[in-house]
Each structure stands twice: as structure tokens, then as C-alpha cells.
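S.K.: Okay, here's the prediction I keep looking at, along with the sequence it came from:
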Amino acid sequence: MNKAFRKLSYPYLVWLTVFAIIPIFVMFILSFFNTEGLSFEGSSFNFNSFVTVADEATLVAIKNSFLYAGISTTISLVLGYFVAYQLFKSKIKNKLLILTIFILPMWSNLLLRTEALGNMMEHNNIITSLLARININFSIGIKGTPLAVIVGLIFTYLPFVILPVYTALEKIEYSLQEASLDLGLTEMKTFWKVVFPLSLKGVITGSILVFLPSLSGFAVPEILGKGNVLFIGNIIEQAFKNMNYSFGSLLSILIIVLIMAALLIVNKVDKEGETLL
Amino acid sequence: MMKTYTKATLQDYGYKDYKVLKKTYNVLSKIILALIILVLYASIILIAIQSFNSSSDISTFKDFTFKWYLEMFDNRSLRSAIINTLIVSIVATILAAILGTIIAVGIYSLAKKKRQTTMLFNNIPVLNADIVTGISLMLIFSILLPIFPYLFGPVTIIIAHLFFTLPYVILSVMPKLKEMDPNLMDASLDLGVKPYRGLLKVVIPSIIPGIFSGMLLAFTMSIDDFVISYYTTGNGFDNLSIWIYGSIGRKSLTPSVYAFSTALTLVTLTIVLSYQFFKNRGNKHVKK
């Protein structure tokens, strides 16, 4: 490509610096000052927010986030890999159709879907009301428990693992599998020794794409956990609502560190972000 | 006298018959696949059921009705939230498509090492947690507030949406640029076309599918976003997500929003399917 086009990418670097890099420094500075919002008037350099992190509530929220996000990522990964592998085996050539099937649920509003899911998790809901008409009586009633949050996270973020794994599987040349079968490996062994290692790229990106939003989101735990199950996201949200920018910034930095690690991992396995779509 | 041996079966050679196992596996996996897809659609199905429910109580189904579809735009705050969402998403998607394509061409023409670094930075908005992106943008806009008072509102929310949709367009245009025959551009330059004209006449047509899939992704992300919009919007400029969040908090969600959501799902489904249909027909014509 023409070298003259290079300068087209420069404004974007400025844009990214302003909106993605500078705020990190701002948050870093904020976490050392007890400011009221953004006004530094009467604030002083201190470690108050660092002390607040050691609070019981905050530690529980951090533990919740990691534990429940970890569980839902693992389950999503198993289910998502299964779905992607079945689609890959089915030899449906139409990638757009597959994308559509899994993207379509994302077109209705996330909060609305979560709320609908939450209604389904109540003891009395529209499904049980409909089923009661044909004399089937049952109810789940798990809303407000960690289980509800985990189920909600899986339902919400499953497509994010299916798509990268499918993309990675699709790039594997069929001749490799043929060779392995020719050389006498069973289909099971071919899968574990040839297909799975080659699809790891998608597995890693997929798990990051599920883990990070599960860990940091605040809407799903708030709606499905009814306020009983708090995540880091909820604490950050409350901190910024109460104008405690310092504490909120500090927790955000914690998430940013995780994201940096994720970025480096993605960069290692997938140099130009091919499986991120 | 010759000793008779029993005829060796395939099993004696170590062949294991997995036919039954395989069949059950195949059937079972189809069932599980169907179940997972059903589960993914469970909430949408529930929303659809709710939109036909004459009672506004979410826990009981009374009668079948189209009432909520007719009253969809009667609720003023809901109507303006829907309009705001559409304005923001459409403007952000179009801007992201145009700027994203230009930027992708720019990044693609960088040397390999630089290109990879730029793509690493490009991944930040994709991987970054929504809440961090939202707060980051809010902080930057707040810092700019003394220079541009009354900044928060449509402008900030569109900039924010542009910020997180641009990377998706770039990511989906990039592979198409790589697939493109580099000689095409050189040929057009040799034939005396100016570089930027060549970009428009040669490069863009060959990467257009990438631009479209990028736009689809960008629009999906933009229309569904809550957290980033929540932090970057200003007084009174609610999009649908913010409106729903408020309504859930006040426990005053009107079924009209379920009706709108169902209608939107059906419309998008129709658009995608008809695009698919026409694309297939187009392909057949080319083959002839």
C-alpha cells in the first residue's frame, strides 16, 4: 500500500491517547487525593482510598467478582466451545448466518434481556402462569442469589466465546485433520492433538472477552442479585455516584491492570486481533 | 489333520466398534446445541410473550393483545429515548464506518512492527471494561468542561460511541485489506490515477464487505450499550438503556418497551435475511 496513506493513521493515535491513555494518568493522580468530584479544592495527598479498599464490603465484592466471573467464564467456555465445534463440523459455509444467529439476541437491549431473565427467575412469573393453565406447576425462584448472577452472566456473554472460537476453528486447514486421520489417530485423538491446540487462540480471546465484562459489569449483578451480590463494578459505580472519585479511580486502576494483562496476552496469541471479531 | 481356527473378527485386530456410541453422541450433541440456542433466545422469547400480554403485571399472562404495539410511542419519555438511541447509533455507526476505513488503510500502510503496535492500542477500547471506558471518557469530558461548557449531551455520547465502535470497524476492514491483491493499487497508480482517487476507486470496492460487517458490529455494540452511555450523557439526553435502567430502578417498566424490542428484533431479522437472500442471488448471477 502507498506510503502516503500512513499519515491517515496518525490522528487515530492522538485520539486513542486522549481518550484511553490520559484518563489512566488522571485516575492514578485522583486515587491519591480526597477530592470532591474533580475539584481539588481543600484536598490533600493521602492514602485514604487505599485504606477503604481493605474494607470488608470491598473485599467481598472483589472476591465475588473474581469467583463468579471465573465460574461463568469456565462454563461459557465449555458450552461455547461445544457450540462452535458443532457449527464448524456442520460445514455450514455461511458465516454471516451463523453470526446472525448468535448476534441477534444482542440486538435487544441487554438490560431488558436481563430484566426478562430476572422475571423468569422469580417464583411467580409469566412462564409459570402460562404453564399453570395447562396444569404444570413449577417454579425456580433463584433471583437474588449468586446462582442467578452466574446464570445471567453465562446467558449474556456466551456469544462472545462462540464467535472467536468459531473463527479460530474455521482457519484450521482440513488437510491437517485428514493427515492425522490417515496416520491412524482416532477422531477423538485428532481433536485433542490437532484441532484443539490450533483453536487455542480463539479459546484465549474468547475467555478474555467473557471474563473481563463479567468481572467489571454492574448491571447484571445489580438486577439479578437484587443488591445482595455486589461486584467491583457496583462499588465503582457507587463511589462515582457519591462523588468519591478517589476510591472509584483506585478500583478502576485495579481493573485496568487486569485489562493490560489481557491486552498483552491477546497481543501474544493474536498479533493483529483476528479472533477479536 | 488340519486344525480349524475360528475366523478372526475385526475386534481381534483391535478394532473397536464405536458406531452406536457415535450415533448417540451425534444425536445428543444436536439436542444440546438446540438447547443452548433456545437458552440464548429464552429472554427474547419472554420479552415477546410479555409484549402481547394485556396485563402490565409481569408475573401473570392475561389476554393476547396488540395494545402495547399501538401505544409504543404514546409514552413521551420512551419515545424520546428511542429516538435518541437511534440518532446516536446511526450517527456513530456512519462516522465509525467512514473514519474506521480511512484509519484502517492508514494502519495497513504502516511498516509491520508499527502496524502491530498500533493494533495493540486499537484493542484497548475493545477489551477495556465498559465501566472503565465510561469513567475515562467522563473524566476527559469533565476536564474539557471549563473550555466547552454544556458539553455533556448528544455530542459526548456520540464521541463515546465512536470511541468504542471505531476499533470494530478497523478490525473487520483489516483482514480484507490483507486479502486484497496489492498489485491492484500499484496498477492503478501506474495507469496515472492519483493515490486518493485510487483509494476510492480500487481499494474501497474490494474491502466493502469488511466495511459492512464492521458497521453491523458497530451498530450492534452501539445500540446495546448502557454503561458507557450512562457515564457520558448529559442532563435529559437519555438513550433507551438509560431509560430502562431508570425504569427498572423505579419498578415502572411499561410493556411498550417490550413491544418496541420485539418489533426491533423482527425488523433486524428481516433486514439481515433479505440481505442474505439478495447476496446469494447476486452470487449466482456472477457465476453465470
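M.R.: Structure's in. What do you need?
S.K.: Flag every residue of the stretch 151-277 of chain A that's near chain B.
M.R.: A:155, A:158-159, A:208-209, A:212-213, A:215-219, A:223, A:233, A:236-237, A:240, A:248-249, A:252, A:255-256, A:259, A:262-263, A:266-267, A:271-274, A:276-277 (Cβ under 8 Å from any Cβ of the partner chain). Yep, even glycine has a C-beta here, placed from its N, CA and C like the rest.
S.K.: so of these, which ones are in helices?
M.R.: The helices, defined by DSSP state H, take in A:155, A:158-159, A:208-209, A:212-213, A:215-216, A:219, A:223, A:233, A:236-237, A:240, A:248-249, A:252, A:255-256, A:259, A:262-263, A:266-267 from these.
S.K.: so where's the stretch 51-200 of chain B uncertain?
M.R.: Residues of the stretch 51-200 of chain B meeting the criterion pLDDT under 70: B:56, B:58-59.
S.K.: Residue 113: which element?
M.R.: Answering for chain A, as no chain was given. Per DSSP states H and E: A:Arg113 is located in helix A:110-120.
S.K.: you looked at the wrong chain, it should be chain B
M.R.: In this assignment (DSSP H and E), B:Lys113 forms part of helix B:112-127.
S.K.: quick check, the helix or strand that comes right after that helix touching chain A?
M.R.: Counting by DSSP H and E, the next helix or strand C-terminal to helix B:112-127 is helix B:130-144. Yes. With Cβ under 8 Å from any Cβ as the criterion, chain A is reached by helix B:130-144 at B:130-132, B:135-137, B:139-140, B:142-143.
S.K.: From chain A, how far out is B:Thr270?
M.R.: Look at B:Thr270 and chain A: by Cβ to the nearest Cβ, to the nearest Å, they are 11 Å apart.
S.K.: Tell me, how many residues neighbour B:Asn26?
M.R.: Neighbours of B:Asn26 under the rule other Cβ atoms under 10 Å in any protein chain shown: 12.
S.K.: what's the distance between it and chain A?
M.R.: Relative to chain A, B:Asn26 is positioned 10 Å away (Cβ to the nearest Cβ).
S.K.: For that residue, what is the enclosing helix or strand?
M.R.: According to DSSP H and E, B:Asn26 maps onto helix B:19-51.
S.K.: After that helix, which helix or strand is next?
M.R.: Next in sequence after helix B:19-51, counting helices and strands by DSSP H and E, comes helix B:67-70.
S.K.: Can I get that next one in CSV, CA atoms only?
M.R.: Provided in CSV are the C-alpha atoms of helix B:67-70 (Å, rounded to 0.1, in the frame of the first residue of the first chain):
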residue,chain,number,x,y,z
LYS,B,67,-52.3,-2.8,22.6
TRP,B,68,-48.7,-2.2,23.6
TYR,B,69,-47.6,-2.0,19.9
LEU,B,70,-50.1,0.7,19.2
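S.K.: Going by neighbour count, list what's buried in the next helix or strand after it.
M.R.: Sequence order places helix B:76-108 as the next helix or strand after helix B:67-70, per DSSP H and E. Neighbour-count burial for helix B:76-108 flags B:78, B:80-82, B:84-85, B:88-89, B:91-93, B:95-97, B:99-108 (criterion: 16 or more other Cβ atoms under 10 Å in any protein chain shown).
S.K.: quick one: the helix holding B:Asn26 to chain centroid distance?
M.R.: Counting by Cα atoms, centre = their mean, to the nearest Å, helix B:19-51 is centred 22 Å from the centre of its parent chain.
S.K.: Equivalent analysis for stretch B:254-270, please.
M.R.: Distance of stretch B:254-270 from its chain centroid, counting by Cα atoms, centre = their mean, is 17 Å.
S.K.: got the contact list for that stretch?
M.R.: With contacts defined as Cβ atoms under 8 Å, 6 or more residues apart in numbering or on different chains, stretch B:254-270 is touched by A:100, A:104, A:107-109, A:112, B:44, B:47-48, B:50-51, B:53, B:56, B:68-69, B:71-72, B:74-75, B:78, B:82, B:240, B:243-244, B:247.
S.K.: now the helices: where do they sit in the stretch 1-150 of chain A?
M.R.: Using DSSP state H, counting those that start in this stretch, the helices of the stretch 1-150 of chain A run over A:10-16, A:22-30, A:48-53, A:56-89, A:95-107, A:110-120, A:126-133, A:146-170.
S.K.: Need the ones you listed in JSON lines (columns: mean neighbour count).
M.R.: Shown next, in JSON lines, are the helices of the stretch 1-150 of chain A (neighbours: other Cβ atoms under 10 Å in any protein chain shown):
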{"stretch": "helix A:10-16", "mean neighbour count": "16"}
{"stretch": "helix A:22-30", "mean neighbour count": "18"}
{"stretch": "helix A:48-53", "mean neighbour count": "15"}
{"stretch": "helix A:56-89", "mean neighbour count": "18"}
{"stretch": "helix A:95-107", "mean neighbour count": "18"}
{"stretch": "helix A:110-120", "mean neighbour count": "23"}
{"stretch": "helix A:126-133", "mean neighbour count": "16"}
{"stretch": "helix A:146-170", "mean neighbour count": "24"}
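S.K.: A:Leu30 against A:Ser246, yeah?
M.R.: Yes. With contact defined as Cβ atoms under 8 Å, A:Leu30 reaches A:Ser246; the gap is 5.6 Å.
S.K.: burial of the residue in the stretch 151-277 of chain A that chain B sits nearest to, as a residue count?
M.R.: For the stretch 151-277 of chain A and chain B, the shortest gap (Cβ to the nearest Cβ) falls at A:Ser216, measuring 3.5 Å. Counted with other Cβ under 10 Å, residues neighbouring A:Ser216 total 26.
S.K.: Which residue is the nearest non-sequential neighbour of it?
M.R.: Nearest-residue entry for A:Ser216: B:Ala129, 3.5 Å, with adjacent residues in sequence omitted and distances by Cβ to Cβ, 6 or more residues apart in numbering or on different chains.
S.K.: need the contact list for the one you found.
M.R.: Neighbouring residues of B:Ala129 by Cβ under 8 Å, 6+ apart: A:212-213, A:215-217, A:233, A:255, A:259.
S.K.: again, only using 7 Å
M.R.: Residues near B:Ala129 by Cβ atoms under 7 Å, 6 or more residues apart in numbering or on different chains: A:212-213, A:216, A:255, A:259.
S.K.: May I ask which of those residues has the most neighbours?
M.R.: A:Ser216 (26 neighbours).
S.K.: Quick check: that residue vs B:Gly192, distance?
M.R.: Taking Cβ to Cβ, to the nearest Å as the measure, A:Ser216 falls 53 Å from B:Gly192.
S.K.: thinking again about what came up before, from the residues of helix B:130-144 next to chain A, which would you call buried?
M.R.: Using 16+ other Cβ under 10 Å as the burial test, the residues of helix B:130-144 next to chain A include B:130-132, B:135-137, B:139-140, B:142 as buried.
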